[in-house]
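K.L.:
here is a sequence together with a model predicted from it:
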Amino acid sequence: MPFLRGKLLGNGLSEGSKRQLEWLLDELQSFYERVACCGRVEERHLRALKSFHRDIVSVLETEKA
């Protein structure tokens, strides 16, 4: 995830948005590690991924507004 982290955080965000995005990316990485240990992806994992996506996009869109 370093590539994703670098691309998103190096995008000229405000400090508040950067902190929020760092927290989301930390949580996403932790989630990824938990799912990887399970050995299979379930519907609830997909819903969680969609939630992460929605939250990350929300931070980025708020920053542009």
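P.N.:
Alright, I've got the coordinates. Just so it is clear, the model here is predicted, and its values are computed rather than measured. Residues are numbered from 1 along each chain as shown.

K.L.:
got a list of what the residue of the chain positioned farthest from its centre touches?
P.N.:
Computed with CA atoms, centre = their mean, the residue of the chain farthest from its C-alpha average is Gly39, at 21.1 Å. Contacts for Gly39 (CB atoms under 8 Å, 6 or more residues apart in numbering) come out as none. Quick note: C-beta positions are derived from backbone N, CA and C, even for glycine.

K.L.:
in the chain, where is pLDDT below threshold?
P.N.:
65 (pLDDT under 70).

K.L.:
go again using 80 as the cut-off
P.N.:
1, 63-65 (pLDDT under 80).

K.L.:
list of residues touching the helix or strand hosting Arg19?
P.N.:
In this structure, Arg19 sits in helix 15-38 according to DSSP states H and E. For helix 15-38, contacts defined as CB under 8 Å, 6+ apart pick out 1, 4-5, 8-9, 13, 41, 45, 48-49, 52, 55-56, 59-60, 62-63.

K.L.:
take those residues and keep only those in helices.
P.N.:
Residues of the contacts of helix 15-38 located in helices (DSSP state H): 4-5, 8-9, 45, 48-49, 52, 55-56, 59-60, 62-63.

K.L.:
now for the residues you listed: which two are most distant?
P.N.:
The largest separation in these, counting by CB to CB, is between His45 and Glu63 at 27.5 Å.

K.L.:
much appreciated, bye for now.
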